[in-house]
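Asker: Just need the structure, nothing else, for what follows:
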Amino acid sequence: MAGIILGYLGMVFPTAHAAADEVIDVTGDLEYEYLIDTRGDLGAEAVARMPASSFRPGTGMLRLGFTHAPVWVRLTIPEADAPDPRPWLTVSPPYLDRVTVYQRPLDADVAFTALTLGDRVPVEDRPVRHHQLVFPLEPAQGHDRQLLIRIETTSSVMMDAQLWSPAALVNATVSDNLFWGGYFALAAASTVLALAIGWVSRNRALLAVAASGVAYILVAGIQGYLPLILPAIITPFADPLVSLSLFLGYAAVIWIGRELFELRRLRPRIDQIACLFSWLPVAAIVTIPLDLYYVSGPLVMGLSESIKIVMCLSVLTVAPREGLRYSLLLLAFAAHSLTTASAVLITLGLWQPPTPIFYDAWHYTLIAVMLIICGLLISGIYRSAFLAQQQTLLERDLEREREAGFRQRQFVGMLAHEFRNLLAVIDAATRNLLRLPDNDRADQRPRIERIQHSVERMTRLVDNCLADARIASDRALGELAPVSVRAMVEEAAAVVTSLGQNAISIVLTPRAEALEPTALKINADPPLLQIALSNLLDNAIKFSSDQRASVEIDADDTKVRIQIWNRGPGIPADEQDLVFERFFRASNFKSDKPGSGLGLFVSASLIEAHGGSIRLNENTGERIAFTLELPRIRGTDDGD
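Answerer: From the prediction side, this is the model:
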């Protein structure tokens, strides 16, 4: 598409295809003068006789803005410079309401001959069917030509005139029509594409781009093609249709800016202002039948260009963090806004450009920028669709993974349950063996006690596996019931110290002691809370230097605080953050210490499931202390 645009741009100017002696740039190469007929009552003869002091000198293209008064241009064309005995004069832009060319040989005592063309003159009355206003001039019979051009329009007063040989104009028109034919075909295709994809994908930005296709009607009107392509019955409405397309085009372009820049999300205040400004051109449509376009047109153009600049400036700071595509959209929109702002300054008569390209550039950037925006938006839609597809595939894989994990947990739970039953049988058998009189022999009792101790360890490991499976299934807790904190700690301590030469001291602070026996309670799942406490106490004894551990119980108005500590080598500083991870074991502990690395993870998970918290609050190298907090049940003994 970019190649097609560049190819057509090579044929923009018909003068590039005509020899220098076949065309004269009247407003560029010849001297002319103009005056504004404020009362509108001057005739050709009166203008011809007026002194030069009544006129203003003109240079280059005539740009006077919205004057709403007839403008007279007076000039002389030397016969020696005429490209043909019967040259053709082209006057643009063709959207001017009425342009009357008066001609006669200079210093000849003859009346002017007049021909009126314009946007409000039927196409059938044109001597040459052309998108520009073409005035065939009469032979000058060896004299220089005196020309008077009267311009009357409710739009901006502009004039660019060229003098052609008929053959040169015909040749230039071929390439001219080829370019604009391709231009409007590409414009129609891009508009339909944006509408179709925007409608299917519900993309508001693409729908706004499609709505901006109304601006191509404005381009067709400015280039003079609108009266030629409209049916004869609609031709009289070509002039108001140009004004209508300008108003609707501005509304659509402001809408594009709001959607491209996501102002509702990023700049909501600017978005509200832009929304208000987008309705201004729509409201101005009522001025067209009232013949007040010369008032509303400049106002709409000035305010609309201003809000476009404000929108661009408002997102300059957020564009880098929104990504490359957002920045490219901003750059494209800003480039088009720059060219349209230049055209508006020229249209309002505020700037006299060195070349007409500054006025015509917006025609070409319009289609180029809209194609770029369409491409970026469509690529964004494709990317979003691709990401959505990948998200669907990922969710499907995650669902399969969850299903596999669920089945694995079911299997582990079943296996652990069966192991626990078998271990219970072995434990019962060892206890019975210890009760038999003949097992008092020194060589048998230690063996049986070691078997029982191993069974206890294996039972605790199975309990941790069962608890881990319940944690992973998000069903960690069963039925909660009020339990005494001290009783739960003592039961856990009894389990840990039932075998082996170790000791656990349990101390209540004075504040906790004052609340006993009924007030120091929590809501808990007793078996699971006992597993959590047993793991902490077992670790405290297993990794202590003297096989001893201490427990301190404290409470305040809302929490019960349990601190478990021992004297041990501590945990390496760079491993402290991993202490509650599944299967973690500190690197400085001896490898012969039994354990699976599940204890602290299971304890932390169960404490959190009870609405509590646990932390390692001391790790000095000589003392390790864990503190856990659980929500306390407020009772009548609190003194409330």
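Asker: how deep is Leu316 tucked in, by neighbour count?
Answerer: For Leu316, the neighbour count with other CB atoms under 10 Å is 11. The way it works is simple: take the backbone N, C-alpha and C, and place the C-beta from them, glycine included.
Asker: which residues does the most centrally placed residue in the chain contact?
Answerer: In the chain, the centroid-proximal residue (CA atoms, centre = their mean) is Glu262; its distance is 5.5 Å. Glu262 sits next to Glu322 when contact means CB atoms under 8 Å, 6 or more residues apart in numbering.
Asker: Ramachandran coordinates for Pro139?
Answerer: Here is the backbone geometry of Pro139 (degrees, to the nearest 10): phi -60, psi 140.
Asker: how far away is it from Pro298?
Answerer: Pro139 sits at a distance of 42 Å from Pro298 (criterion: CB to CB, to the nearest Å).
Asker: Would you map the helices across the stretch 301-450 of the chain?
Answerer: 319-322, 324-347, 357-435, 445-472 (DSSP state H, counting those that start in this stretch).
Asker: buried sites along the second one?
Answerer: Residues 326-327, 329-330, 332-334, 336-347 are the ones in helix 324-347 that count as buried (16 or more other CB atoms under 10 Å).
Asker: Tell me where the protein is predicted with low confidence.
Answerer: 1-21, 405-425, 427-428, 430-450, 452-478, 498-503, 512-519, 588-596, 598, 635-640 (pLDDT under 70).
Asker: If we use 50, what do you get?
Answerer: 1-17, 636-640 (pLDDT under 50).
Asker: And it, what are its domain boundaries?
Answerer: 17-172, 175-391, 476-638 (automatic domain parsing).
Asker: can I get those domains in TSV with distance to Arg402?
Answerer: Compiled in TSV, the domains of the chain are given as follows (distance: least, CB to CB, whole Å):
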stretch	distance to Arg402
domain 17-172	67
domain 175-391	16
domain 476-638	17
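Asker: So which of the ones you listed is nearest Ala429?
Answerer: domain 476-638 (15.5 Å; CB to CB).
Asker: where's that closest one relative to the chain centroid, distance-wise?
Answerer: 50 Å (CA atoms, centre = their mean, to the nearest Å).
Asker: between Pro139 and Pro298, which one's more packed in?
Answerer: Pro298 (17 against 14).
Asker: how far is the helix or strand hosting the more buried one from where the chain is centred?
Answerer: For Pro298, the host element (DSSP states H and E) is helix 293-314. On the basis of CA atoms, centre = their mean, helix 293-314 sits 24 Å off its chain's mean C-alpha point.
Asker: Repeat that for stretch 271-286.
Answerer: That offset, for stretch 271-286, works out to 23 Å (CA atoms, centre = their mean).
Asker: Go ahead and produce CSV holding the CA coordinates of it.
Answerer: What follows is stretch 271-286 as a C-alpha-only set of coordinates in CSV (Å, rounded to 0.1, in the frame of the first residue of the first chain):
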residue,chain,number,x,y,z
ASP,A,271,-11.4,13.0,27.3
GLN,A,272,-14.4,14.9,28.6
ILE,A,273,-13.2,18.1,27.0
ALA,A,274,-12.5,16.4,23.7
CYS,A,275,-15.9,14.7,23.8
LEU,A,276,-17.5,18.1,24.2
PHE,A,277,-15.5,19.6,21.4
SER,A,278,-16.4,16.7,19.1
TRP,A,279,-20.0,17.7,19.3
LEU,A,280,-19.3,21.3,18.4
PRO,A,281,-18.8,20.5,14.6
VAL,A,282,-22.0,18.4,14.7
ALA,A,283,-23.9,21.3,16.2
ALA,A,284,-22.4,23.7,13.6
ILE,A,285,-24.2,21.7,10.8
VAL,A,286,-27.3,23.8,11.4
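Asker: can you list contacts of it?
Answerer: Stretch 271-286 has contacts (CB under 8 Å, 6+ apart) with 244, 246-248, 250-251, 254-255, 257-258, 263-264, 296-297, 299-300, 303-304, 307, 310-311.
Asker: For it, buried residues please.
Answerer: Asp271, Ala274, Phe277, Ser278, Leu280, Pro281, Ala284, Ile285.
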